[in-house]
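> One predicted model, sequence on top.
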Amino acid sequence: MAADRRQSNMLDTDPIIGAVVVARMNSSRLAGKSLAMIEGRSALEWIIRRLRRSRHIQRIVVATTTGGADDAIVKEAERLGCAVFRGSQDDVLGRVVGAIQSAKLDIVVHITGDCPLTDPALADACIEAYQSSDVDYVSIDLDAHPDGLDVEVFGADTLAKVEASFTDPWIREHVTLPLYTMPERFTALKLSARAELSRPDYRICVDTAADLELVQRIFAELLRVREAFDAADVVRLLDARPDLIAINASIKETKYPCAVIGLGAIGSFYERQPFAQERVQTHAKAFLRHGKTRLVAGCDSERQRRAGFQSDWDVSHVYATAQEMFTNHEIAIVSVATPPDSHAELCVQAIEAGVHAIFCEKPFTNNIEQAQRVIDACEQNGILLAVNFWRRWSRLYRSMREFISSGGLGKVQAVRFHYGKGAMNSGSHAVDLLRFLFGEIESVLATEVLHTDTGDPDIGGVLRMQSGLAIHLTIGDYRDHFDFEIDVIGSTGRLRSNDREVVYWRAETDTSEPANRTLAEAEPPFDINIGTPFETALAELVDHLDNQTHVTSCSGRDGLAALEVIQALKNSWELGGQWMSPTLPLRSKMGHAATV
């Protein structure tokens, strides 16, 4: 595809190659960094002067925002004879595409405004690799080079395709993300670091005051010799001057090493399915998408899954056992995406290996006592434990909860939740979502059981909330049609959601019977976009690693609470249909013997 596209672009004329430099004044850590002075010139001027030494770049355009603070960026770029494009302050992807189109570029070199030491030779190497390879995207290996030499090359039409295809705010902010994290749609090539440039611990970007001091010192030292110094000159200087390295040594932008245990559907290969085009569907993809996580290893007992994981994600380290993986790697965040009967043991292995966060699939475990022991061990060791009841991280259900709790439906009068495909599987999702929306569950009554081919029976019944609200849990055979639907009726409205569709009715005066009020369908008055739940969940884990927040929207205790409710439903059925409390001791005395 890439080769065909390039060939078609060059039929009439050679492609126009240009650099887009993304720069703005606002920065949370170092305001005005793009215009910070370095040996008498702004950082932006140094970027432009260095890019003009490229053998292939024909045009340079500065992409900045329409914000008033960025008038200074425009003035500086114009002084330097550069074209400027101004776009949205929030939509970086749209801004970059606008700059590309305004400069009429065919091949794009993407540079950020915090890299005044950008090396034109590396840009040329990426351009040449792009033109000679059948790929959509080329970059230097960011995990092997010093931080601050970043360069990416891609086709203008390729980024236009990304811009037209994705509304996800995360992608709109991280412009090229799909090009190197979606191998099913785009092909990518990373250029390895030459031995003399292989210093991934060196930080030569400008993002903090300490970074700026170091870069100023580097320029001061190397300009004494020549202005056209290159990346190798920078590395040799730092190799010889540990006092310079010490200037910003305390600033760490570490990519946390992450791993996935269980390389099946939600661990890895759901991304091959058509529905994965809508949003991230796997732990592996989530780790690849986040800017501060690095997928370093995977583990599965099945050889075929290990091979597929390696092929899909270009990860060389795969293992048959978690113990072997933990022996060979220090993992910061591990996802446990295996069958639930193995969760507790794998979580314990992860705790003993010294991980900092665990992202466990639901149900948390099949055993309440094991779940409690894992929770206790995590809390004692300061490990954040999250359980993937993903709707807690969804924009749709977060906005739905706010709408209901603020009285959007008036007084809630009735709730029905219909599910299929197993109480521990879909049923635990239903229970957790109901806790998320309506609070704690006080007692349960099982009224029906359906056995299918999953080995996990569906259990219907009534959940009595602490608020007094009674919620009806109904079940169906997923082999007829799979359903997962909530229906909420209030005094002033009604809503129904099945993840794919939200229907809302508002109470209005009946025009035919003015004395009565009826429900009329209307646009939902809240955000109905599913959002990016996987990325939102992972962002919480990363925030914990950065700041020791110990905060996740779905904790191990939430996972345990859902397990307790499902076990109470099993106990209720086993006892002939009695009201049961999820927290009574009976749940642990009888729970494992119940044969629903």
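Thanks, I have the structure now.
> going forward, measure contacts and count neighbours with C-alpha atoms only.
Noted.
> A helix includes residue 44, no?
Yes. Residue 44 forms part of a helix when assessed by DSSP: H, G, I helix; E, B strand; the rest coil.
> Tell me which residues touch it, please.
Taking C-alpha atoms under 8 Å, 6 or more residues apart in numbering as the contact definition, residue 44 lies against 23, 34, 35, 77, 113, 116.
> Residue 553 now?
Each residue near residue 553 by C-alpha under 8 Å, 6+ apart is listed here: 386, 392, 393, 537.
> Check the gap between it and residue 393 for me.
Distance of residue 553 to residue 393, given as C-alpha to C-alpha, to the nearest Å: 7 Å.
> what residues are shared contacts of those two?
residue 537.
> element containing residue 345, please.
helix 343-353 (DSSP states H and E).
> Check residue 153 too.
Using DSSP H and E, the element containing residue 153 is strand 152-155.
> how about the very next helix or strand once past that strand: buried residues?
Sequence-wise, the next helix or strand downstream of strand 152-155 (DSSP H and E) is helix 156-165. For helix 156-165, burial by neighbour count (16 or more other C-alpha atoms under 10 Å) applies to 156, 157, 158, 159, 160, 162, 163.
> how about the CA coordinates for helix 156-165, as CSV?
Once non-C-alpha atoms are left out, helix 156-165 reads as follows in CSV (Å, rounded to 0.1, in the frame of the first residue of the first chain):
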residue,chain,number,x,y,z
ALA,A,156,0.8,13.4,4.2
ASP,A,157,-2.1,11.2,2.8
THR,A,158,-1.5,8.7,5.6
LEU,A,159,-1.9,11.2,8.4
ALA,A,160,-4.9,12.7,6.6
LYS,A,161,-6.4,9.2,6.8
VAL,A,162,-5.7,9.1,10.5
GLU,A,163,-7.3,12.6,11.0
ALA,A,164,-10.4,11.5,9.1
SER,A,165,-10.8,8.2,11.0
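> buried set for the helix or strand just after that helix?
Sequence order places helix 169-173 as the next helix or strand after helix 156-165, per DSSP H and E. Within helix 169-173, the residues that qualify as buried by neighbour count (16+ other C-alpha under 10 Å) are 170, 171, 172, 173.
> between those residues, which is nearest residue 201?
For the buried residues of helix 169-173, the minimum distance to residue 201 (C-alpha to C-alpha) is 25.4 Å, reached by residue 173.
> Nearest spatial neighbour of residue 559, chain-adjacent residues omitted?
Counting by C-alpha to C-alpha, 6 or more residues apart in numbering, residue 364 is the residue found nearest to residue 559 once chain neighbours are left out, at 5.3 Å.
> burial of that neighbour, as a residue count?
A count of neighbours around residue 364, defined by other C-alpha atoms under 10 Å, yields 34.
> coming back round to it: switch the buried residues of helix 169-173 over to TSV; also include pLDDT and distance to residue 140.
Output for the buried residues of helix 169-173, formatted as TSV (pLDDT from 0 to 100; distance: C-alpha to C-alpha, whole Å):
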residue	pLDDT	distance to residue 140
170	72	22
171	80	20
172	84	22
173	85	20
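> Just give me the closest of those residues to residue 561.
Nearest to residue 561, judged by C-alpha to C-alpha, of those is residue 170 at 31.4 Å.
> taking the contacts of residue 553 one by one, which sit in helices?
In helices, defined here by DSSP state H, the members of those are residue 537.
> Select from the contacts of residue 553 the one having the most neighbours.
Counting neighbours by other C-alpha under 10 Å, residue 386 comes out on top of the contacts of residue 553 with 27 neighbours.
> Let's see the pLDDT reported for that residue.
Note for residue 386: predicted pLDDT of 98.
> Show me the shaky parts of the stretch 201-350 of the chain.
Low-confidence regions of the stretch 201-350 of the chain, defined by pLDDT under 70, span residues 253-254, 275-278.
> can you pull out the strands in it?
In the stretch 201-350 of the chain, strands defined by DSSP state E, counting those that start in this stretch lie at 256-261, 293-299, 318-319, 333-336, listed in chain order.
> Same list, those strands, but as JSON lines with mean neighbour count please.
Compiled in JSON lines, those are given as follows (neighbours: other C-alpha atoms under 10 Å):
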{"stretch": "strand 256-261", "mean neighbour count": "25"}
{"stretch": "strand 293-299", "mean neighbour count": "25"}
{"stretch": "strand 318-319", "mean neighbour count": "22"}
{"stretch": "strand 333-336", "mean neighbour count": "28"}
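> Dump the C-alpha coordinates for the helix or strand where residue 489 lies into PDB.
Here residue 489, judged by DSSP H and E, is contained in strand 484-490. Output of strand 484-490 as PDB, limited to C-alpha atoms (Å, rounded to 0.1, in the frame of the first residue of the first chain):
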ATOM      1  CA  PHE A 484     -26.400  -7.000  28.300                       C
ATOM      2  CA  GLU A 485     -28.900  -4.300  28.900                       C
ATOM      3  CA  ILE A 486     -29.900  -1.900  31.700                       C
ATOM      4  CA  ASP A 487     -33.300  -0.300  31.900                       C
ATOM      5  CA  VAL A 488     -33.900   2.500  34.400                       C
ATOM      6  CA  ILE A 489     -37.300   4.000  35.000                       C
ATOM      7  CA  GLY A 490     -37.700   7.200  37.000                       C
END
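> correct me, but residue 534 touches residue 393?
Yes. Residue 534 is in contact with residue 393 according to C-alpha atoms under 8 Å; the separation is 7.4 Å.
> contact partners of the longest helix along the chain?
Using DSSP H to assign secondary structure, the helix with the most residues in the chain is helix 556-574. Helix 556-574 is contacted from outside by 362-366, 368, 371-372, 375, 385-387, 423-424, 427-428, 431-432, 441, 444-448, 459, 461, 578-583, 587, 590-591, 594-596, using C-alpha under 8 Å, 6+ apart.
> Narrow those to those in strands?
Residues from the contacts of helix 556-574 lying in strands, with DSSP state E as the criterion: 385, 386, 387, 441, 444, 445, 446, 447, 448, 459, 461.
> what about burial for those residues, which qualify?
By the neighbour-count criterion of 16+ other C-alpha under 10 Å, those include these buried positions: 385, 386, 387, 441, 444, 445, 446, 447, 459, 461.
> ok, which pair from these is furthest apart?
385 and 447 (33.3 Å).
> ok so, going back, what lines up beside the strand holding residue 489 in the sheet?
Paired with strand 484-490 in the same sheet, following DSSP bridges, are strand 412-419 (antiparallel), strand 493-497 (antiparallel).
> residue contacts, the residue nearest to residue 327 when sequence neighbours are not counted?
Closest residue to residue 327 apart from its sequence neighbours, by C-alpha to C-alpha, 6+ apart: residue 353 at 7.9 Å. Residues counted as contacts of residue 353 (C-alpha under 8 Å, 6+ apart) are 326, 327, 330.
> try residue 477
When contacts are counted by C-alpha under 8 Å, 6+ apart, residue 477 touches 420, 421, 450, 452.
> In TSV: these, plus neighbour count, pLDDT and distance to residue 100.
Putting the contacts of residue 477 into TSV (neighbours: other C-alpha atoms under 10 Å; pLDDT from 0 to 100; distance: C-alpha to C-alpha, whole Å) gives the following:
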residue	neighbour count	pLDDT	distance to residue 100
420	27	96	49
421	25	94	49
450	17	96	58
452	16	94	56
